[in-house]
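Asker: following is a predicted model, sequence given first.
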Amino acid sequence: MLFRQLEYLVALAGERHFARAAQLCGVSQPSLSEAIRKLEEELAVPLIRRGRRFGGLTPEGDRVVAWARQILADRDALLTEVGAMRTGLTGRLRIGTVPSAAVTAPRLIESLRTVHPLLTADVASDLTSVSIVERLRDFSLDAALTYLDDEMRAEFRVRTLYQERYILLVSADRATSLGPVASWAEAAALPLCLLTPAMRGRRMMDACFAEAGAAPVAEVETDSFATVLAHVASGRTAGVVPPAWLHALGIPAGVRAVPLTAPSKPVEIGLVVRARDPLPPAVQALLSAAERADFQDLEDGPVRYPTGSGTRSRSVRL
């Protein structure tokens, strides 16, 4: 059995097309097909359903692909560790984030590259928490910034980074009736731009609304907090965002940021990796970087956010 055969099988499982898989692997289609056929002979089980086109994987093929992904990930980790013994850690980490945590990824990567400047990262932002779990399981992600819960802790290795809070962004004229802290019921009475119901962050917010006995009606729904900020800046709608986005992008001009009452159950954001021993060196380095990075300002106040003009700052106590 050769690594090349496993790579071809994994590529075919992902592309679901012989020609595209062969192109991805940089070989001819007959070469890819023959390598997979020899793998089937060695394992003595059919791995793919053959016909005029790719007909999918057999049940045995599904299991072999799962093992192949793990074997290839272990091979890459071994090569990284051996390389690190010679020249220091190199390579590229694949990190996924939920929308809420997307703007905190640069802090983590900066902390990582301070110690390991040859490590780089591919960041897939605006993923759902469900897709993050799937991609961690199939080894297409090395780590993720996402919401933590009991199920996540049971399956993966996690490190809590901060407790998420929420800020109501509202136009200055609508904010005149609000105090220094707004209730979720007050927020529900406003025309809102919120995340879509499929997003975990929206479900967290809906739980806060429900706790306050309120049911918001969103005029606009989106899968991006950047879009929420853009709609709030237009003045038509209010929005609910985590403070991290205000630290990164500031408060739009003409908009007031009002902290919302904290939920009774804290919402935790953390770094999640597969529970393996030993961990790939680059992943271990990322966990160490998470220990060094400072996320405390996302919880504590007062915090000074830049305004949209960039010339003054605005204090918001969390």
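Answerer: Perfect, thanks for sending it.
Asker: looking at the sheet around the residue most central in space within the chain, what are its partners?
Answerer: In the chain, the centroid-proximal residue (C-alpha atoms, centre = their mean) is Thr97; its distance is 1.4 Å. Residues in a beta bridge with Thr97, per DSSP bridges, are Leu145.
Asker: before we move on, what about Val258?
Answerer: Leu168.
Asker: report the separation between it and Ala207.
Answerer: For Val258, the distance to Ala207 (C-beta to C-beta, to the nearest Å) stands at 20 Å. Where C-beta positions appear, they are placed from N, C-alpha and C, glycine not excepted.
Asker: could you do Tyr8 as well?
Answerer: In terms of C-beta to C-beta, Tyr8 sits 45 Å off from Ala207.
Asker: so these two - more neighbours on which side?
Answerer: The neighbour comparison of Tyr8 against Ala207 (other C-beta atoms under 10 Å) goes to Tyr8, with 25 against 15.
Asker: contact partners for the more buried one?
Answerer: Contacts for Tyr8 (C-beta atoms under 8 Å, 6 or more residues apart in numbering) come out as Ala21, Cys25, Val27, Leu32, Ala35, Ile36.
Asker: 7 Å instead?
Answerer: By C-beta atoms under 7 Å, 6 or more residues apart in numbering, the contact set of Tyr8 is Ala21, Cys25, Leu32, Ala35, Ile36.
Asker: now swap in Ile48 and tell me
Answerer: Contacts of Ile48 by C-beta under 7 Å, 6+ apart are Leu12, Ile36, Phe54, Leu57, Thr58, Gly61.
Asker: for it, give the beta-bridge partners.
Answerer: Beta bridges link Ile48 to Leu57, judged by DSSP bridges.
Asker: repeat for Arg92
Answerer: Note on Arg92: beta-bridge partners by DSSP bridges are Thr120.
Asker: these two touch, right, it and His116?
Answerer: No - at 11.7 Å, Arg92 does not count as touching His116 under the criterion of C-beta atoms under 7 Å.
Asker: re the thing from before, and of the contacts of Ile48, the nearest to Leu108?
Answerer: Nearest to Leu108 among the contacts of Ile48: Leu12, at 33.8 Å, using C-beta to C-beta.
Asker: wouldn't the closest one be in contact with Ala21 here?
Answerer: Yes - counting by C-beta under 7 Å, Leu12 does reach Ala21; the two are 4.2 Å apart.
Asker: among the contacts of Tyr8, name the ones in strands.
Answerer: Applying DSSP state E to these, no entry is found in strands.
Asker: give the buried subset of the residues you listed as a ChimeraX selection command.
Answerer: This is how ChimeraX selects the buried members of those, with burial counted by 16 or more other C-beta atoms under 10 Å:
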select :21,25,32,35,36
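Asker: as JSON lines, the contacts of Tyr8 with distance to Leu112 would be great.
Answerer: Compiled in JSON lines, those are given as follows (distance: C-beta to C-beta, whole Å):
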{"residue": "Ala21", "distance to Leu112": "32"}
{"residue": "Cys25", "distance to Leu112": "30"}
{"residue": "Leu32", "distance to Leu112": "36"}
{"residue": "Ala35", "distance to Leu112": "36"}
{"residue": "Ile36", "distance to Leu112": "37"}
